[in-house]
Structures are given as C-alpha cells and as structure tokens.
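**Student:** Task: produce atomic coordinates for the following.
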Amino acid sequence: MHRHEITDRQWGLVAPLLPGKTTDCGVTAADNRLFFNAVVWLLRTGAAWADLPERFGKPNSVCRRFRRLAQKGVWEAVFQALQAPELDWVMLDSTVLRAHQHSA
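**Tutor:** Numbers count the residues shown, from 1 in each chain. Below you'll find the model as predicted:
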C-alpha cells in the first residue's frame, strides 16, 4: 500500500457510497478504489491534477469524474456519512483533566 492511499477499513466505509458498483444501474466503474485513492492522493499532497501519478490513470479522466460526482452531490453524501459523531453527547469527567497552574 502506498503512503497516501486509504486502508481496507476506510475503503469499507466509503465503497458503498460511490456510484459505479456492480449492483448499480448503468455503467460499472473499472476500479472505484483506485479512483478514490487518486482523489485522496491529490487532497493529501496538494498537487495539481496534471501531477497525478500514472498508476491512477489519466489526470483529465480522474478530474472529469471527480467533477461529475461533485455536481451530483456524491462528495457531500460521503462527507456526511463519514462525519465525526455529534460531540454534544460526549461526557467528560473533569476530575481527570489537569489544567495549567495559570489557567484559573
């Protein structure tokens, strides 16, 4: 596995959210995980689309697919599904939290 790619556990959470699965109507994507790893690589490195490594495919194709999914609201759905839990429900026991002596 490459440094900027997602783990199997992470892919298990994301895979059902992306279109192009064999169970979806229409065209089946060649490799959703490779595409998603390309997007993750770009986000983590901050590189331009043109600098995408060859192992991910043609940069223009990845860019067009990314844009199509963005227009369909797929990325928003992925972010919503992977969002951290609501912190209003987290309870902390303040007796174990230490404060700096000048914090009072």
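**Student:** residues in contact with the residue nearest the centre of the chain?
**Tutor:** The residue lying closest to the centre of the chain (CA atoms, centre = their mean) is residue 40, at 6.1 Å. Contacts for residue 40 (CB atoms under 8 Å, 6 or more residues apart in numbering) come out as 4-6. (C-beta placed from N, C-alpha, C; glycine too.)
**Student:** Repeat the analysis, applying 6 Å as the threshold.
**Tutor:** Residues near residue 40 by CB atoms under 6 Å, 6 or more residues apart in numbering: residue 6.
**Student:** so where is the chain shaky, pLDDT-wise?
**Tutor:** 1, 21-29, 84-100, 103-104 (pLDDT under 70).
**Student:** can you give me the strands for it?
**Tutor:** In the chain, no strands are defined using DSSP state E.
**Student:** what about the helices in it?
**Tutor:** Using DSSP state H, the helices of the chain run over 8-14, 32-45, 59-71, 74-81.
**Student:** which of these sits most buried?
**Tutor:** Of all the helices of the chain, helix 32-45 has the most neighbours on average by mean count of other CB atoms under 10 Å, namely a mean of 17.
**Student:** got the angle between that helix and helix 74-81?
**Tutor:** If you take axes from the mean of the first three to the mean of the last three CA atoms, to 10 degrees, helix 32-45 sits at 80 degrees to helix 74-81.
**Student:** by how many degrees do helix 32-45 and helix 59-71 diverge?
**Tutor:** Orientation check (the same axes, to 10 degrees): helix 32-45 against helix 59-71 gives 90 degrees.
**Student:** picking that back up, save the helices of the chain as JSON lines, and put in distance to residue 53 too.
**Tutor:** Below are these laid out as JSON lines (distance: least, CB to CB, whole Å):
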{"stretch": "helix 8-14", "distance to residue 53": "19"}
{"stretch": "helix 32-45", "distance to residue 53": "7"}
{"stretch": "helix 59-71", "distance to residue 53": "9"}
{"stretch": "helix 74-81", "distance to residue 53": "21"}
